[in-house]
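J.: the following block contains a protein sequence and its predicted model.
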Amino acid sequence: MTIRFDGRVAIVTGAGNGLGRAHALGLASRGARVVVNDFGGARDGTGGSLTPAEAVVEEISKAGGVAMADGADVSNFEQVKAMVDRATREWGSVDILCANAGILRDKSFGKMEIADFAKVLEVHLTGSFYCCKAVWDGMRERNYGRIVLTTSSSGLYGNFGQANYGAAKSGMIGLMNVLAEEGRKNNVRVNIISPTAATRMTEELLPPQALALMRPEAITPAVEFLLSEDAPTRTIMGAGAGSFAVIKIMETEGINLPSSEWTPDAVAAHFAEISDMSKARALVGAFEQTQKYVGQAAARAGVKL
């Protein structure tokens with residue numbers, strides 16, 4: 001099976017450089033008409049220029065693809081909505097969204113300014129919400145949509161100096177989980193990629209020999225799969241240097257304690273049992289956790305539910 005995007009319209013944010021550029025080029029090479037969105041700012045979100053987006057559009061056009069440049073700031077909903085409206089007006093729909101735009105303002109938590117925390121959340125988390133919001137109604141009306149958000153191992157696992165970035169990236173997993181559930185009945189599938197690649201965001205953190213293995217193009221196949229006709233939904237994929245993985249948030253089976261042991265001392269005494277991962281599993285929805293805990297309590301009390 002060859003994955004193609006003929007007849008589909010895609011928006012890729014942050015597509016002037018790095019990962020976004022690779023995703024835009026990849027989607028265009030497989031037949032999609034692509035809105036190459038990039039605010040064109042510096043790594044910290046300052047400045048702005050349409051030049052990077054226009055350069056990627058020129059690359060796509062030279063290769064025989066179809067694309068348009070757009071300089072919308074993803075943290076401005078009116079600009080995002082105007083971008084979606086323009087693509088819909090010119091090409092009839094927006095079928096695919098790859099929300100990739102981001103900035104970095106790294107500092108240890110003690111030194112982090114309030115504005116630096118707020119701005120990173122505004123671009124990554126609120127910006128992803130704005131992009132999803134702007135395409136959502138059209139995708140539901142057409143009963144087709146594919147969305148990929150971008151998380152990070154900094155949010156999944158933690159990374160010194162990135163409280164703002166890690167918080168934003170973890171928040172996007174929650175957004176993905178809910179949108180995947182709400183989009184099911186209208187064939188809107190929502191997934192999230194956790195990439196590691198050599199980009200201007202990572203070039204100062206890794207030695208040259210590692211960067212050489214971590215081309216942005218190594219991430220794009222996972223993104224294209226998650227945006228394809230037969231994509232899964234509510235999936236977290238890790239990708240980097242040609243490696244691909246699925247990431248799950250797991251919960252141990254845990255134990256139920258009688259009310260006489262509802263004390264921190266009892267939790268401490270049973271913590272090895274509580275944290276035993278041998279029967280851990282990924283839950284499929286928030287209410288499943290409630291059902292599990294109530295079921296355990298009912299079994300202890302001899303209550304039939």
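T.: Nice, thanks for sending it over. Numbers count the residues shown, from 1 in each chain.

J.: quick check: which ranges of the chain have low pLDDT?
T.: Low-confidence segments of the chain, defined by pLDDT under 70, are located at 41-45, 47-48, 198-205.

J.: for it, which segments count as strands?
T.: When assigned using DSSP state E, the strands of the chain occupy the ranges 9-12, 33-37, 66-70, 96-98, 145-150, 188-195, 236-240, 243-247.

J.: now find how far off-centre the third one is within its chain.
T.: If I follow you right, that is strand 66-70. Between the mean C-alpha location of strand 66-70 and the chain-wide mean there is a distance of 22 Å, by C-alpha atoms, centre = their mean, to the nearest Å.

J.: coming back round to it: got the strands of the chain as JSON lines, with distance to Asp106 columns?
T.: Yep, even glycine has a C-beta here, placed from its N, CA and C like the rest. Compiled in JSON lines, the strands of the chain are given as follows (distance: least, C-beta to C-beta, whole Å):
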{"stretch": "strand 9-12", "distance to Asp106": "24"}
{"stretch": "strand 33-37", "distance to Asp106": "24"}
{"stretch": "strand 66-70", "distance to Asp106": "28"}
{"stretch": "strand 96-98", "distance to Asp106": "24"}
{"stretch": "strand 145-150", "distance to Asp106": "17"}
{"stretch": "strand 188-195", "distance to Asp106": "17"}
{"stretch": "strand 236-240", "distance to Asp106": "19"}
{"stretch": "strand 243-247", "distance to Asp106": "23"}
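
J.: output those strands in TSV, with mean neighbour count appended to each entry.
T.: Written out in TSV, the entries for those read as follows (neighbours: other C-beta atoms under 10 Å):
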stretch	mean neighbour count
strand 9-12	28
strand 33-37	30
strand 66-70	21
strand 96-98	28
strand 145-150	26
strand 188-195	25
strand 236-240	20
strand 243-247	13
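
J.: so for Arg105, which of these sits nearest?
T.: For the strands of the chain, the distance to Arg105 is smallest for strand 145-150, at 16.9 Å, taking C-beta to C-beta.

J.: of the strands of the chain, which is nearest Leu211?
T.: With C-beta to C-beta as the yardstick, what comes closest out of those is strand 236-240 (11.5 Å).

J.: which residues touch the closest one?
T.: Taking contacts as C-beta atoms under 8 Å, 6 or more residues apart in numbering, the residues outside strand 236-240 that touch it are 151, 153, 156, 173, 176, 191-197, 214, 218-219, 221-223, 225-226, 244-249.

J.: and with 7 Å instead?
T.: Contact with strand 236-240 is made by 151, 173, 191-197, 214, 218-219, 222, 226, 244-247, as judged by C-beta atoms under 7 Å, 6 or more residues apart in numbering.

J.: same thing with stretch 132-141?
T.: Among residues not part of stretch 132-141, those counted as contacts by C-beta under 7 Å, 6+ apart are Val80, Lys81, Val84, Thr88, Ser93, Val94, Leu97, Gly145, Ile147, Leu179, Asn186, Val188.

J.: what's the answer for stretch 177-193, then?
T.: 132, 139-140, 143-151, 172-173, 176, 219, 222-223, 226, 231-237, 239, 285.

J.: again with stretch 23-31
T.: Outside stretch 23-31, the residues that reach it (C-beta under 7 Å, 6+ apart) are 3-6, 10, 12, 15, 34, 36, 56, 59-60, 63, 65, 67, 98, 100, 220, 223-224.

J.: only whichever of these are buried, select them in PyMOL.
T.: Command for PyMOL that selects the buried part of these, burial taken from 16 or more other C-beta atoms under 10 Å:
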select buried, resi 5+10+12+15+34+36+56+59+60+65+67+98+100+220+223+224
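
J.: still on that earlier bit, out of the strands of the chain, flag the one nearest Pro208.
T.: strand 236-240 (16.4 Å).

J.: any idea of the angle that closest one forms with strand 243-247?
T.: Between the axes of strand 236-240 and strand 243-247, defined by axes from the mean of the first three to the mean of the last three C-alpha atoms, to 10 degrees, the angle is 160 degrees.

J.: and the top helix by length along the chain, what's buried?
T.: The residue-count maximum for a helix in the chain (DSSP state H) belongs to helix 163-183. Residues 163-173, 175-177, 179-180, 183 are the ones in helix 163-183 that count as buried (16+ other C-beta under 10 Å).

J.: export it as CSV, just CAs?
T.: These are the backbone C-alpha positions of helix 163-183, laid out as CSV (Å, rounded to 0.1, in the frame of the first residue of the first chain):
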residue,chain,number,x,y,z
ALA,A,163,9.1,24.0,32.7
ASN,A,164,7.2,26.1,30.2
TYR,A,165,7.9,23.9,27.2
GLY,A,166,7.3,20.7,29.1
ALA,A,167,4.0,21.9,30.6
ALA,A,168,2.8,23.0,27.1
LYS,A,169,3.8,19.8,25.4
SER,A,170,2.1,17.6,28.1
GLY,A,171,-1.0,19.7,27.9
MET,A,172,-1.2,18.9,24.2
ILE,A,173,-1.5,15.2,25.0
GLY,A,174,-4.7,16.0,27.0
LEU,A,175,-6.0,18.0,24.1
MET,A,176,-5.3,15.1,21.7
ASN,A,177,-7.0,12.6,24.0
VAL,A,178,-10.2,14.6,24.2
LEU,A,179,-10.3,15.6,20.5
ALA,A,180,-9.8,12.0,19.4
GLU,A,181,-12.8,11.0,21.4
GLU,A,182,-15.0,13.9,20.2
GLY,A,183,-13.9,13.4,16.6
